[in-house]
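sharing a sequence plus its predicted fold:
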Amino acid sequence: MTTSRPPAERILREFDTIAVVGLSRDPAKEAHSVPAAMRDAGFRVIPVNPVAEPGSVLLTETVFRNLGEAAEAGRPIEVVNVFRPSPEAAAVTRDAVRVGARAVWLQLGIASAEARALAEDAGMLYVEDECMAVVRARLGIVKSAGEGGEKGSR
(Lines give C-alpha, C1' and ligand atoms only; values in the text may rest on other atoms or scores of the structure.)
Protein backbone atom coordinates (compact mmCIF):
# COMPACT_ATOMS: atom_id res chain seq x y z
CA MET A 1 0.00 0.00 0.00
CA THR A 2 1.39 3.38 -0.97
CA THR A 3 0.58 6.06 1.60
CA SER A 4 1.88 8.97 -0.49
CA ARG A 5 -1.30 8.93 -2.58
CA PRO A 6 -3.90 11.61 -1.85
CA PRO A 7 -6.65 10.51 0.58
CA ALA A 8 -9.32 10.36 -2.15
CA GLU A 9 -7.23 7.98 -4.25
CA ARG A 10 -6.31 5.85 -1.24
CA ILE A 11 -9.96 5.49 -0.26
CA LEU A 12 -11.02 4.42 -3.74
CA ARG A 13 -8.14 1.99 -4.24
CA GLU A 14 -7.98 0.46 -0.76
CA PHE A 15 -11.64 0.02 0.18
CA ASP A 16 -14.58 -1.76 -1.43
CA THR A 17 -17.60 -1.15 0.82
CA ILE A 18 -19.24 2.26 1.05
CA ALA A 19 -22.08 3.12 3.43
CA VAL A 20 -23.94 6.04 1.85
CA VAL A 21 -25.64 8.22 4.46
CA GLY A 22 -28.48 10.09 2.79
CA LEU A 23 -28.86 7.80 -0.23
CA SER A 24 -32.00 8.98 -2.03
CA ARG A 25 -34.79 6.91 -3.54
CA ASP A 26 -35.04 9.47 -6.36
CA PRO A 27 -32.85 8.41 -9.34
CA ALA A 28 -32.78 12.05 -10.54
CA LYS A 29 -30.87 13.15 -7.43
CA GLU A 30 -27.08 12.95 -7.10
CA ALA A 31 -27.63 11.22 -3.75
CA HIS A 32 -28.90 8.29 -5.83
CA SER A 33 -26.98 8.55 -9.11
CA VAL A 34 -23.53 8.85 -7.50
CA PRO A 35 -23.95 5.73 -5.31
CA ALA A 36 -25.42 3.91 -8.33
CA ALA A 37 -22.32 4.81 -10.36
CA MET A 38 -20.09 3.53 -7.56
CA ARG A 39 -22.05 0.28 -7.43
CA ASP A 40 -21.77 -0.04 -11.22
CA ALA A 41 -17.99 0.39 -10.86
CA GLY A 42 -17.89 -2.64 -8.56
CA PHE A 43 -18.12 -1.08 -5.11
CA ARG A 44 -20.55 -2.50 -2.57
CA VAL A 45 -22.96 0.22 -1.52
CA ILE A 46 -24.81 0.05 1.80
CA PRO A 47 -27.78 2.45 1.72
CA VAL A 48 -28.37 4.48 4.90
CA ASN A 49 -31.46 6.68 4.98
CA PRO A 50 -33.04 7.76 8.29
CA VAL A 51 -36.55 7.93 6.80
CA ALA A 52 -36.41 4.61 4.96
CA GLU A 53 -39.16 2.07 5.40
CA PRO A 54 -37.96 -0.96 7.39
CA GLY A 55 -36.95 -3.74 5.00
CA SER A 56 -36.89 -1.49 1.93
CA VAL A 57 -34.26 -1.99 -0.77
CA LEU A 58 -32.23 0.56 -2.75
CA LEU A 59 -29.59 -0.34 -5.34
CA THR A 60 -30.24 -4.04 -4.62
CA GLU A 61 -29.26 -3.68 -0.93
CA THR A 62 -31.32 -3.48 2.26
CA VAL A 63 -31.64 0.10 3.49
CA PHE A 64 -30.63 0.89 7.07
CA ARG A 65 -31.76 3.90 9.07
CA ASN A 66 -28.32 4.59 10.54
CA LEU A 67 -24.75 3.31 10.50
CA GLY A 68 -25.17 1.49 13.81
CA GLU A 69 -28.09 -0.51 12.43
CA ALA A 70 -26.01 -1.50 9.39
CA ALA A 71 -23.06 -2.53 11.57
CA GLU A 72 -25.32 -4.55 13.90
CA ALA A 73 -26.64 -6.39 10.83
CA GLY A 74 -23.08 -7.49 10.08
CA ARG A 75 -22.41 -5.09 7.22
CA PRO A 76 -18.72 -4.15 7.12
CA ILE A 77 -18.41 -0.39 6.83
CA GLU A 78 -15.11 0.76 5.39
CA VAL A 79 -16.04 4.15 3.95
CA VAL A 80 -18.89 6.47 4.92
CA ASN A 81 -19.99 8.67 2.01
CA VAL A 82 -22.09 11.59 3.24
CA PHE A 83 -24.99 13.15 1.32
CA ARG A 84 -26.31 15.26 4.21
CA PRO A 85 -26.06 19.00 4.87
CA SER A 86 -22.73 20.26 6.24
CA PRO A 87 -24.16 20.91 9.76
CA GLU A 88 -24.91 17.15 10.03
CA ALA A 89 -21.44 16.00 8.93
CA ALA A 90 -19.89 15.95 12.40
CA ALA A 91 -22.67 13.75 13.82
CA VAL A 92 -22.33 11.34 10.90
CA THR A 93 -18.56 11.28 11.41
CA ARG A 94 -19.03 10.46 15.11
CA ASP A 95 -21.22 7.53 14.05
CA ALA A 96 -18.58 6.47 11.51
CA VAL A 97 -15.96 6.41 14.26
CA ARG A 98 -18.30 4.33 16.50
CA VAL A 99 -18.81 1.64 13.84
CA GLY A 100 -15.11 1.42 13.00
CA ALA A 101 -15.18 2.95 9.52
CA ARG A 102 -11.77 3.69 8.06
CA ALA A 103 -12.69 6.75 5.98
CA VAL A 104 -15.25 9.54 5.67
CA TRP A 105 -16.03 11.26 2.36
CA LEU A 106 -18.24 14.36 2.26
CA GLN A 107 -19.74 14.86 -1.18
CA LEU A 108 -19.37 17.92 -3.39
CA GLY A 109 -20.64 21.03 -1.61
CA ILE A 110 -20.33 19.51 1.88
CA ALA A 111 -17.55 20.54 4.26
CA SER A 112 -17.07 20.56 8.03
CA ALA A 113 -14.03 21.52 10.08
CA GLU A 114 -15.48 19.58 13.03
CA ALA A 115 -15.99 16.43 10.93
CA ARG A 116 -12.43 16.74 9.62
CA ALA A 117 -11.02 17.04 13.16
CA LEU A 118 -13.06 14.06 14.39
CA ALA A 119 -11.93 11.89 11.48
CA GLU A 120 -8.29 12.90 11.77
CA ASP A 121 -8.29 12.36 15.57
CA ALA A 122 -9.63 8.84 14.92
CA GLY A 123 -6.92 8.15 12.31
CA MET A 124 -9.43 7.99 9.46
CA LEU A 125 -8.90 9.10 5.88
CA TYR A 126 -11.02 12.15 5.12
CA VAL A 127 -12.23 13.90 1.97
CA GLU A 128 -14.67 16.79 1.69
CA ASP A 129 -16.31 18.81 -1.07
CA GLU A 130 -15.52 16.27 -3.81
CA CYS A 131 -17.73 13.96 -5.83
CA MET A 132 -16.71 10.35 -5.27
CA ALA A 133 -17.97 9.22 -8.69
CA VAL A 134 -16.10 11.99 -10.53
CA VAL A 135 -12.84 11.21 -8.74
CA ARG A 136 -13.31 7.47 -9.36
CA ALA A 137 -13.92 8.07 -13.07
CA ARG A 138 -10.95 10.43 -13.36
CA LEU A 139 -8.68 7.79 -11.77
CA GLY A 140 -10.22 4.97 -13.83
CA ILE A 141 -10.78 2.75 -10.80
CA VAL A 142 -13.07 -0.24 -11.31
CA LYS A 143 -13.38 -3.00 -8.72
CA SER A 144 -13.37 -6.65 -9.75
CA ALA A 145 -15.26 -9.27 -7.74
CA GLY A 146 -13.19 -11.87 -5.97
CA GLU A 147 -9.85 -10.03 -5.95
CA GLY A 148 -8.07 -9.23 -2.72
CA GLY A 149 -6.26 -6.10 -1.63
CA GLU A 150 -6.11 -3.27 -4.13
CA LYS A 151 -8.39 -3.91 -7.05
CA GLY A 152 -8.98 -2.77 -10.57
CA SER A 153 -6.96 -0.09 -12.31
CA ARG A 154 -3.97 1.25 -10.45
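Done, it's in.

point out where this structure drops to low pLDDT.
1-3, 145-154 (pLDDT under 70).

ranges for the strands of it?
Remark: strands of the chain, listed N- to C-terminal, are 17-21, 44-48, 57-58, 61-62, 79-82, 103-106, 125-127; assignment by DSSP state E.

just put those strands in JSON lines and tack on distance to residue 38.
(C-beta placed from N, C-alpha, C; glycine too.) Formatted as JSON lines, the entries for those read as follows, by distance: least, C-beta to C-beta, whole Å:
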{"stretch": "strand 17-21", "distance to residue 38": "6"}
{"stretch": "strand 44-48", "distance to residue 38": "6"}
{"stretch": "strand 57-58", "distance to residue 38": "13"}
{"stretch": "strand 61-62", "distance to residue 38": "12"}
{"stretch": "strand 79-82", "distance to residue 38": "8"}
{"stretch": "strand 103-106", "distance to residue 38": "10"}
{"stretch": "strand 125-127", "distance to residue 38": "14"}
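
now tabulate these in TSV and tack on distance to residue 10 and mean neighbour count.
TSV is the format used below for those (distance: least, C-beta to C-beta, whole Å; neighbours: other C-beta atoms under 10 Å):
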stretch	distance to residue 10	mean neighbour count
strand 17-21	14	25
strand 44-48	18	25
strand 57-58	27	16
strand 61-62	24	16
strand 79-82	10	27
strand 103-106	8	26
strand 125-127	6	22
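
closest one to residue 6 among those?
Among the strands of the chain, strand 125-127 comes nearest to residue 6, with 8.5 Å by C-beta to C-beta.
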